[in-house]
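Asks: Here is my input, please return the structure:
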Amino acid sequence: MKIENNPTEKKVVFTILLGAITVSLNNSALNPALPEFMQIFQIGPVLASWILSAFMLAMCLTLPVTGYLSHSLGKRRIYLIGLALFILGSFLGSIAHNIYLVIFARSIQGIASGLILPLSLPFIFSVTQTQKRGRITSLWASVVMFSLAIGPFLGAIILSLSSWEMLFLINVPLSLIAFSLATKNLPKDEATNRNNAFDWIGFSLISFGLGYLIWTCHQLKSWQEMMSNSNLLALVLAFGCLLFFIFY
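Replies: Residues are numbered from 1 along each chain as shown. Okay, the predicted model is just below:
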C-alpha cells in the first residue's frame, strides 16, 4: 500500500503506526507468560487472568473519556500523556515483585492504550487527503491486527531467551522512540471546546456496566455459579447499565 510523496504525511503516519505497534504488541505478548506468572507468584488461573483483563478493562473505561479530553486539552497533548503513561506502566511492570503490582502496571498500560489508539486515525486524517483516508485506515488496521497476531509468538521467544520482566522492559525503548517522534512530528493543535461539560451520567453507566460485567465474569468458575441469584442479579444490572447507556 503506497503513501504518496508527502514528507509531513509520511512522518505522521510512521509515528502513529509505531505507537500502535507498541501498544498492540504489548496487549498480546503477555499471553504466553500466564503459566509462568502462575508458577512464580503461586496464584490460580482466575487471578492470573487479571493480568490481561485489567488491561482491557482500563482501556475500555478510558476510551469514552478520550474524546472529551482531546477536545478540552488537545489531541497532541493527550497522545503524549498516553505514551508517557505507557512508559510508566511498562517500567513498573518490569520491576514488579508481586502479582498485584503487575496487575496495577497493566492497568496503567490499559489507560495509556485507551488514550493512544482512539487518537491515531484523527491524527492521520488531519494530514491526509480525503480520497486517501480509506487506504490509510486499512493500513493502520492491518498493522494493529498483525501486531496482535504476532504478539504471542514474540512473547514466547522473549520468554525462551529471557524472563517475564523483559516483556515489560522491551516496551520502554520502543515507547521512548515513539514519544520522541511524536513530539517532533505530530501537528500541534489547540483545544476546541474547553467549556464542554463532561457527561458524568453516560460515563458512570458505561463504567459500571463494563466494570461489573467483567468483574462478575471473572468470579465465575462454573455454569452453576452463574445461575446463582447474586451473580444473575449482577449480570442483569451490568447489561441494564449498558443498554441504558446505548439509549441514553
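
Asks: Kindly state the domain boundaries assigned to the chain.
Replies: For the chain, the domain assignment from automatic domain parsing gives the residue ranges 7-185, 200-247.

Asks: which of those sits most buried?
Replies: Compared across the domains of the chain, domain 7-185 shows the largest average neighbour count, a mean of 18 (mean count of other CB atoms under 10 Å). From N, CA and C alone the C-beta is placed, and that goes for glycine too.

Asks: Can you pull out the low-pLDDT segments for this protein?
Replies: Residues of the chain meeting the criterion pLDDT under 70: 1-7, 191-195, 219-227.

Asks: does the most centrally placed residue in it sit in a helix or strand, and which one?
Replies: The central residue of the chain, meaning the one whose C-alpha is nearest the mean C-alpha position (CA atoms, centre = their mean), is S113 at 2.9 Å. Mapping S113 onto the secondary structure by DSSP states H and E places it in helix 99-127.

Asks: Report all helices and strands that that helix contacts.
Replies: helix 7-29, helix 34-41, helix 45-73, helix 75-94, helix 133-161 (3 or more CB pairs under 8 Å, 6 or more residues apart in numbering; DSSP states H and E).

Asks: I'd like the distance between the residue nearest to the centre of the chain and E36.
Replies: In this structure, S113 and E36 are 23 Å apart, going by CB to CB, to the nearest Å.

Asks: Equivalent analysis for I95, please.
Replies: Between I95 and E36 the distance is 17 Å, computed by CB to CB.

Asks: Likewise for E9?
Replies: In terms of CB to CB, E9 sits 42 Å off from E36.

Asks: try G67
Replies: With CB to CB as the criterion, G67 and E36 are 37 Å apart.
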